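[1] Have a look at this prediction, sequence included:
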Protein chains: 2
Amino acid sequence: MIIDCHGHYTTAPKQLEEWRKRQIAALEDAKHVPSKGTLGISDDEIRASLEGAQLKQQRERGTDVTIFSPRAMGMSHHIGNETASRLWSEHCNEMIHRVCALYPENFVGVCQLPQSPGVPPKNCIPELERCVREFGFIGCNLNPDTSGGYWKDPPLTDKWWYPLYEKLVELEVPAMVHVSASCNPAFHGTGAHYINGDTTAFMQFITGDLFRDFPALKFIIPHGGGAVPYHWGRYRGLAQDMKRPPLKELVMNNVFFDTCVYHQPGIDLLLKVIPADNILFASEMVGAVKGVDPETGFNYDDTKRYIDGAKGLSREDREKIFSGNVHRVYPRLAKAPVAAK
Amino acid sequence: MIIDCHGHYTTAPKQLEEWRKRQIAALEDAKHVPSKGTLGISDDEIRASLEGAQLKQQRERGTDVTIFSPRAMGMSHHIGNETASRLWSEHCNEMIHRVCALYPENFVGVCQLPQSPGVPPKNCIPELERCVREFGFIGCNLNPDTSGGYWKDPPLTDKWWYPLYEKLVELEVPAMVHVSASCNPAFHGTGAHYINGDTTAFMQFITGDLFRDFPALKFIIPHGGGAVPYHWGRYRGLAQDMKRPPLKELVMNNVFFDTCVYHQPGIDLLLKVIPADNILFASEMVGAVKGVDPETGFNYDDTKRYIDGAKGLSREDREKIFSGNVHRVYPRLAKAPVAAK
């Protein structure tokens, strides 16, 4: 079985975005009383939104299951307040729940957290629990920068985050560290802010002692770990200069990289420097890059081809990357309907 | 000849840092009248600061010349105001000038700019001109984030920067895009902020039309281009999705990557995906990573070994990377004393 651990519902029916637009407009009005309302999206509309996109690509590319979460750009925790973020997150997560109910063999859910600038992350616990316990979700996306590019949250190793981490460990769900849209003109979203978020998180993990306090906590750093594998020598050397343990001991029981790297040489590097035990297959389709690479004739984000094309990858390591590791990182996957596939 | 295009004076005599500490302390006192004063550093102290460090490493590693600039962390443009930044930059640049005068065969200068948050970059022109015309410097370091990790400056493609670019073109000097220390607890300096700065700048260049307006403007993106070569497929794909020209046309006449990547697989990737015409040899010694890699027995930042160890690199491309390209990117190098070496 081939499991893609990183897919977003980027193709949701337009009513979802329209609800959000109405919500944002209402935030301007100080007297407005926020309410959740309904989206008015039918099951058929959900099916239509997936059949020609994620499901088609699963079939064409030969992947079986996508670990599926709300659109990352859409989270935009910098907009509005805690209540706005909660109502929006509930709608987004409920859409994922409906997708998973309609296609229990193709999708398994991961939730958006109702984070909001300056609001303690522990306030996200009720929505996390609802998604895991009621909807059967197996993970969450954690935004390390709710400001949207101004980086005002404490580092991920700060005790600010600990109550949420305690719950993640208790529920046995990992977090993918995933920033959202950038409202900072310095940062292009998918081209700079996303990749910087990944690099930043990894360096925070090296610097702190988070995994001494939470040995069972697991993070996925998406987009191939940002700049980290390319600069693996730099990170090994920085840890060494700081008298930290080797990276293998320091973070590699807890940190995993996905394969959202959109060319063969990048994947080859990832496979060369990062232990196979720490790599999870992913494509982020339908996502950041939609086009066809003229150098290969295939979609940039058809990352399965790069894994298939990697020379010298053993059958055992291949199996770990496509399926084995994901079961280790997301233990609740074993209880999901897809596990019976 | 082997030219290292990226070295900082990280080993300057302690009086330089002491001057800076006094300056920072004085900034607390509203009544203090800033003055430049003197450092009281002798030529012998400068020699001693280099002999056991940069010069020793040049000899041991077999490199000939270092393009040398003030310590990047030390720039800290976020501290103080425009006057403070100007006085500090003058001292730092004068130290580089003295180094180059003492060792004209080993070092050629690049200046720190007296940038300051909210202050138009054109105000840096007098110090740039002084360094180039009077001291014979051949380039400058340009900080895209004078806030020190909060990213409040306009993107490098914004007209805010244009008067400075006009002067760079007129003087025929390139800029290395180099952030300074991070005062944002989210970002480790050399492990996150530096690399993010590189990635961010490249994406800004893709998004804007800067090189249509300044076809002769040249930037070096240090640290191997941040995350860019590892994600080269992503950047090609993003440009394509945005209906921009291919990267080769869009930025590769103007943007160059250095080789400050501290392990063989990283350098191999860089050499594979980036045209040799766009790569400049560099080590950043004595810099971010000081230790010896237990996997090789050599210093992490001994990047010449990785170039020497790269399989399939043609003699012609090797020469371009070690020496040829740097003459193209820094035309004033031809007039420097090192050129006679």
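    Structure's in. What do you need?
[2] What average pLDDT does the strand or helix carrying residue A:265 get?
    Element membership of residue A:265 [criterion: DSSP states H and E] is helix A:264-273. For helix A:264-273, mean pLDDT is 98.
[3] The next helix or strand after that helix and chain B in contact?
    Following helix A:264-273 in sequence order, the next helix or strand is strand A:279-280 (DSSP H and E). No: for strand A:279-280, no contact with chain B is found by CB under 8 Å from any CB of the partner chain; the gap never falls below 14.2 Å. To be clear about C-beta, it is placed using only N, CA and C from the backbone, and glycine gets the same treatment.
[4] And the following helix or strand past strand A:279-280, how far out from the chain middle?
    Past strand A:279-280, further along toward the C-terminus, the next helix or strand under DSSP H and E is helix A:303-309. A distance of 20 Å separates the centroid of the chain from that of helix A:303-309, by CA atoms, centre = their mean, to the nearest Å.
[5] close to chain B, is the helix holding residue A:265?
    Yes: using CB under 8 Å from any CB, helix A:264-273 reaches chain B at A:264, A:265, A:266, A:268, A:269, A:272, A:273.
[6] Return a selection command, for use in PyMOL, containing the buried ones of those.
    In PyMOL, this line selects whichever of those come out buried by 16 or more other CB atoms under 10 Å in any protein chain shown:
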select buried, chain A and resi 264+265+266+268+269+272+273
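[7] The closest residue in space to residue A:123 that isn't next to it in sequence: neighbour count?
    Distances taken as CB to CB, 6 or more residues apart in numbering or on different chains put residue A:82 closest to residue A:123, at 6.6 Å, once the chain neighbours are dropped. Residues near residue A:82, counting by other CB atoms under 10 Å in any protein chain shown, number 17.
[8] Now do the contacts for residue A:196.
    A:179, A:187, A:226, B:192, B:196, B:199, B:200, B:227 (CB atoms under 8 Å, 6 or more residues apart in numbering or on different chains).
[9] In space, what's closest to the third one - neighbours in sequence excluded?
    Which is residue A:226. The nearest residue in space to residue A:226 (CB to CB, 6+ apart) is residue A:198, at 2.8 Å.
[10] Check the secondary structure at that neighbour for me.
    Assigned by DSSP: H, G, I helix; E, B strand; the rest coil, the conformation of residue A:198 is helix.
[11] That one reaches residue A:219, doesn't it?
    No: Residue A:198 lies out of contact with residue A:219 (CB atoms under 8 Å); the separation is 10.5 Å.
[12] can you list residues touching both of those two?
    Residues touching both residue A:198 and residue A:219 (CB under 8 Å, 6+ apart) are residue A:177.
[13] tell me the centre residue of chain A?
    residue A:176 (4.2 Å; CA atoms, centre = their mean).
[14] What's opposite it in the beta bridge?
    Beta bridges link residue A:176 to residue A:141, residue A:220, judged by DSSP bridges.
[15] Does it touch residue A:219 like I think?
    Yes: at 7.3 Å, residue A:176 and residue A:219 qualify as touching, with contact defined as CB under 8 Å.
[16] Show me which of residue A:198 and residue A:219 is the more surrounded one.
    A count of neighbours by other CB under 10 Å puts residue A:198 above the other of residue A:198 and residue A:219, at 28 against 24.
[17] if I look at the more buried one, how far off is residue A:260?
    10 Å (CB to CB, to the nearest Å).
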